[in-house]
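Trainee: model the following, please.
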Amino acid sequence: MSPCSRPAAAFLVLAILVTMSLAPALTTGLDEERASSRSSSRSTSCSTICINEMLPNPDGSDQGIFPNGEWVELYNFGSTDISLEGWTLEDVGGWVHPIDQSTWVGFDQLSTAFTLGANAYAVIAENEVGTLRLNNAGETLYLKDASGTIVHTITTSGSSMGVSKVPDSTDDTADWLDSQENTPGAQNSGGTGGGNDGSDEGTTPESMTRIMMFPPNAEVTGMHIDANGNFFVNAMHPDDDNYKATIGVINGIDWNDLPNSVPELASSSSELDIWHGIRTSYGDYQVLLQSGDALSEGGVAGGIYAADDGNRIFSSQKPDYNAFVPLTADGSRGYLYTAWEERPAGISQLDIEWNTVSAEWDVLGGMMLDLSSVNGGWVLCFGSMSPWGTPLLAEELYFSNTRSWNDETYNYHNDQERLEHYLGYYPNPYDYGYIMEIENSATTDPDFIKHFSMGRFSHENAQVMPDERTVYLSDDGYDTVLFKFVADTVGDLSSGTLYAARVTQDDSSDSATTGFDVEWMEMASSSNSVIQTWIDEYNGITTADFMAGQNSYITDEEIRDWAEGRLNDDLNGDGTIGSAADDRVAFLESRKAAAALGASDEWNKMEGIVFNPNAPDHLYLAMSDVRYDMSDGQGDIDVTQNRCGIVYRMTLDDDWNVNRIEPVISGGPYTSSATYECDVNNLAGPDNLAVLDDGRVLIGEDTGKHENNMVWLWEPTSEPEIWDGEYDIRFTRIMPGEVPDRENDWLEITNFGGQDVNLRGWTIDRIRSTTPWISEFGQFILGAGESVVLSENPANLLADGGIVAIDGNSVMNNMPWLVDYGGALQLKEPTGIVVDAIVYGGGDAEIDGWTGPATSVPGDGTPGLILMRGDGCSDGQDTDSAADWQERWIRIGASIFCDGAEFDPHIGMSAKASFSPETGLADLLRW
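Mentor: Numbers count the residues shown, from 1 in each chain. Now for the predicted structure:
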């Protein structure tokens, strides 16, 4: 037999290698690339009508009449019936499935057509309609209302045959998980539908770290971090059979300089682990004072003493805001002020000093302060420190209708009676509901100033901005308003202009994603001294002056007349534009006055509003329970309920003016039937907030929806990286032809640059026709010099070829599946610039980012064939053409020898041959 020519031999070798079987092999180099990332999933939290369970991969056919075929279960977590007429289910591929009599199982048995009752289920089946096409490999499914607004979004990874998918009970934004049992139309087995007894260890969302837990019934209060990074935090009104209300501090940690990673406190942590019941994952909690403790200057901690005779009226169990005022330059000694949240309220002053030997604080003395100079306080709540170092406490005036103040039949009239006992005379309602500044706070005889100029309402706290004039004011309660104050003089809050926010909601309603644009409505300008004269006009009014149907104080008619004069508009249509002699209603009935001007008065349980000048991009605002007027279908605000609460982030312009409010942390998931309705592994009832110097946020809870209230550390997601032309990120390997029935096609991208890149907002566009398939990254950090392999089935890929990958659906809204015989991929940064591209086989070579013909592939695409940039080892050339990809190919499982290793059969090495378009014979001869 004559020898073959070299071209013929090469052809023969190529043919043999193309048909080689797949097998695990020795792997080196890029086969073992690290697949680490910080990922963000795309499921959203949901409050009212929610997708609750789904079956993407039924036994038998996907089509069929229920119970056969695919189905999706909905649940109404709300307290009212809701019509779903015109609602649809839509998947990421564009299939739209109706919710109607043809798909709703048991539709003919509904009391009212299309109406899903409160706490009721609806099973929406495929029922041979042909439009429920749930993807077994991973799905993104949207529930849309009749207007087309997305109400709920869920995502899944690959589905097991015959096993339904349910929410991840540890993270409502994560891909859904396999259920323990299919339960269409009934409580879930696994996930959120099965209830939450608080015992599930699980895991917390990636951005959240549980760092503290408190005794039963204890609210987290008093969160304050001083200049030295000491974190003061209290336990308000714990289970009083076993614990006392506590003022304390975490020692051993500089909270202004935390490490990147902080230990997590297990949800199984028990209050019995420590005598005071307060547990922390980081540092040591020191009790400084507890309710009832004797104070060195007389009296007891939390004691409320009458202004007229000094007798103790009662003792409070409600220590709230802490403010540390240093007495030494290094902050090693100072006064710790603590507000006691009562009616009447109290303030304690502790003299504390750091002991370097014991590494704890010594309490040198303490007393309860006399507030009679300001006629006492009312529910002193959260607070803040001004930029000039004075504590700012907040009177939380839960009294929305002043006309009831002197009505003895009013349900809560005993609060006024206690104030009367404190004062020795009947109180004036307009003396309460303000921000209180403590001046001369570095002395034992501080001064208390109530700033009437900042409005009267249910103040949670005031946040003064770095210009020392602009102040943001949160209004706790129901149907409340967000306020802003701008002082006339820097560092002086005694006079200025009060504003109220009117918001414009985005064209969506999902509370987890819906934001608001903000405009500010000027209310009025005045000063403490002028407003004091208006307040004094209501002195001396008592219960004897009350007459049913009448009002001893400012009337709603007076408020409307004032607003008509301000707006020059006949608001009640009586043909007359009213007027007012002064602006008292703006400062004494601020919430009603703001609403009359058209401000948005629908916020529910607005809590702490905070800012850190060392992380100056945003303010943060807590909403502990999103419902009622925020979710009633009308007004400026109409979003889905979130009974576990939301933390909002607010953006600012150059003048410290808030112009945008967006949700960034959603609590839950929420299970109405559970003993503790909010999942133990995520936020519930956010209240106190603190922004750290590095931009991370501490969140303290006030909720009955967790057995134990907690403190969380939240890490904000990084902003998307806009390509500046310097990033060197490229596709480096792709395997478009999956191993048959293994769903393990994959692609690799590599960061050849010198800096980490956040790919959030970047996309991979797969182009087959006029409309590309766009896959968008969530939060995903690709480190300098790192590669990541993305596949829809990492487990199969690892088993078949030893290649470590991550699930593309965990970092993108959908993993692009690759076309065997040819396709085109573009890597784009958030503004749409093409950073890299590859075209192979029959793909469209006329795309941006590519020049010349496509990279050739044999036949219609070979299963397990890996296309590599360059030789697969070095940087490789980057001409954006086929030349980049035609130096070397390999088969899945083949050895790369990027480290220069040579195959030696005498030492028992095993290897798989590689395959390349041009050098197959040379490779074979080399081995």
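
Trainee: only C-alpha atoms from now on, for both contacts and neighbour counts.
Mentor: OK.

Trainee: all strands of the stretch 51-200 of the chain, in order?
Mentor: Applying DSSP state E, counting those that start in this stretch to the stretch 51-200 of the chain gives strands spanning 71-76, 82-83, 88-91, 96-98, 115-116, 121-125, 139-144, 150-156, 165-166, 177-178.

Trainee: quick check: neighbours of the fourth one in the sheet, parallel or antiparallel?
Mentor: In this case it means strand 96-98. In the sheet, strand 96-98 lines up against strand 88-91 (antiparallel) (DSSP bridges).

Trainee: would you mind writing the CA trace of the partner strand as CSV?
Mentor: Taking Å, rounded to 0.1, in the frame of the first residue of the first chain, the C-alpha atoms of strand 88-91 are listed here in CSV:
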residue,chain,number,x,y,z
THR,A,88,-52.2,37.1,31.5
LEU,A,89,-49.1,35.0,32.0
GLU,A,90,-46.3,35.8,29.7
ASP,A,91,-42.9,34.1,29.4
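
Trainee: ok, back up a step: lowest-confidence stretch among the strands of the stretch 51-200 of the chain?
Mentor: The weakest mean pLDDT among the strands of the stretch 51-200 of the chain belongs to strand 177-178, with a mean of 86.

Trainee: how about the lengthiest strand in the chain: buried residues?
Mentor: Counting by DSSP state E, the longest strand found in the chain is strand 492-505. Buried residues in strand 492-505, counted by 16 or more other Cα atoms under 10 Å: 493-505.

Trainee: what's the most distant pair in these?
Mentor: By the measure Cα to Cα, Ser494 and Gln505 form the most distant pair in these, at 33.5 Å.

Trainee: measure the spatially closest residue to Asp492 that is not a sequence neighbour to Gly540 for me?
Mentor: Once flanking residues are discounted, Asp492 sits nearest to Arg469: 7.6 Å by Cα to Cα, 6 or more residues apart in numbering. In this view, Arg469 and Gly540 are 35 Å apart by Cα to Cα, to the nearest Å.

Trainee: more crowded one of these two?
Mentor: A count of neighbours by other Cα atoms under 10 Å puts Arg469 above the other of Arg469 and Gly540, at 18 against 12.

Trainee: quick check: phi and psi at the more buried one.
Mentor: The phi/psi pair for Arg469 (degrees, to the nearest 10) reads phi -130, psi -40.

Trainee: contacts only, for it.
Mentor: For Arg469, the contact set (Cα atoms under 8 Å, 6 or more residues apart in numbering) comprises Phe485, Val486, Ala487, Asp488, Thr489, Val490, Gly491, Asp492, Leu493.

Trainee: kindly report the same for Tyr478.
Mentor: Contact analysis of Tyr478 by Cα under 8 Å, 6+ apart lists Glu602, Trp603, Asn604, Lys605, Tyr628, Asp629.

Trainee: who's it bridged to?
Mentor: Counting by DSSP bridges, Tyr478 is bridged to Asn604.

Trainee: after the one helix or strand Asn688 maps to, heading C-terminal, what element do we hit next?
Mentor: Counting by DSSP states H and E, the element that carries Asn688 is strand 686-691. The C-terminal neighbour of strand 686-691 among helices and strands, as given by DSSP H and E, is strand 697-701.

Trainee: tell me where the protein is predicted with low confidence.
Mentor: By pLDDT under 70, the low-scoring segments of the chain are 1-42, 189-202, 718-727, 769-770, 859-861, 874-876, 895-927.

Trainee: all helices of it, in order?
Mentor: 6-18, 413-423, 528-536, 556-567, 584-588, 590-597, 794-801, 808-811, 920-926 (DSSP state H).

Trainee: ok, residues contacting the fourth one?
Mentor: Contact partners of helix 556-567, identified using Cα under 8 Å, 6+ apart, comprise 570-571, 577-580, 583, 585, 589, 592-593, 596-597.

Trainee: can I get the residues you listed in a markdown table including distance to Val163?
Mentor: Shown next, in a markdown table, are the contacts of helix 556-567 (distance: Cα to Cα, whole Å):
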| residue | distance to Val163 |
| --- | --- |
| Asp570 | 62 |
| Leu571 | 59 |
| Ile577 | 66 |
| Gly578 | 67 |
| Ser579 | 68 |
| Ala580 | 68 |
| Asp583 | 65 |
| Val585 | 62 |
| Glu589 | 58 |
| Lys592 | 54 |
| Ala593 | 56 |
| Ala596 | 55 |
| Leu597 | 55 |
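
Trainee: what sits closest to the residue nearest the centre of the chain if chain neighbours are left out?
Mentor: Residue closest to the average C-alpha location in the chain (Cα atoms, centre = their mean): Ile665, at 1.1 Å. Computed as Cα to Cα, 6+ apart, the closest residue to Ile665 that is not its neighbour in sequence is Val647, at 5.0 Å.

Trainee: ok, Pro794 next?
Mentor: Excluding the flanking residues, the one nearest Pro794 by Cα to Cα, 6+ apart is Ala805, at 5.2 Å.

Trainee: who are the contact partners of that neighbour?
Mentor: Ala35, Val788, Val789, Leu790, Ser791, Pro794, Leu797, Leu798.

Trainee: again, but for Thr851
Mentor: Taking Cα under 8 Å, 6+ apart, one finds Ala845, Asp880, Ser881 in contact with Thr851.

Trainee: how about Asn322?
Mentor: With contact taken as Cα under 8 Å, 6+ apart, Asn322 is in contact with Gly222, Met223, His224, Phe232, Val233, Leu336, Tyr337, Thr338, Ala339, Gly383.

Trainee: how about those in TSV, adding distance to Glu829?
Mentor: TSV is the format used below for those (distance: Cα to Cα, whole Å):
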residue	distance to Glu829
Gly222	43
Met223	40
His224	40
Phe232	43
Val233	43
Leu336	50
Tyr337	50
Thr338	50
Ala339	50
Gly383	42
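
Trainee: and which of the residues you listed is nearest to Ile767?
Mentor: Met223 (52.2 Å).

Trainee: for the closest residue to that closest one other than its chain neighbours, give its distance to Gln550.
Mentor: Nearest non-adjacent residue to Met223, counting by Cα to Cα, 6+ apart: Val233, 4.6 Å away. Separation of Val233 from Gln550 (Cα to Cα) stands at 45 Å.

Trainee: more neighbours: which of these two?
Mentor: Shown here are Val233 and Gln550; by other Cα under 10 Å, Val233 has more neighbours (27 against 11).

Trainee: which residues does the more buried one contact?
Mentor: Counting by Cα under 8 Å, 6+ apart, Val233 touches Val220, Thr221, Gly222, Met223, His224, Ile247, Gly248, Val249, Ile250, Asn322.

Trainee: now rank the residues you listed by neighbours and give me the top one.
Mentor: Neighbour tally across the contacts of Val233 (other Cα under 10 Å): the maximum, 33 neighbours, falls on Asn322.

Trainee: one step back: now the contacts of Ala805 in CSV, with neighbour count and distance to Leu132?
Mentor: CSV is the format used below for those (neighbours: other Cα atoms under 10 Å; distance: Cα to Cα, whole Å):
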residue, neighbour count, distance to Leu132
Ala35, 16, 34
Val788, 24, 33
Val789, 27, 31
Leu790, 26, 27
Ser791, 26, 25
Pro794, 23, 26
Leu797, 24, 29
Leu798, 16, 32
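
Trainee: identify, from these, the entry nearest to Asp415.
Mentor: Of all the contacts of Ala805, Ala35 has the smallest distance to Asp415: 60.6 Å, by Cα to Cα.

Trainee: okay, now the residue nearest to Ile665: neighbour count?
Mentor: 26.

Trainee: dump the residue contacts of it.
Mentor: Tyr620, Leu621, Ala622, Met623, Pro663, Val664, Ile665, Ser666, Pro686.
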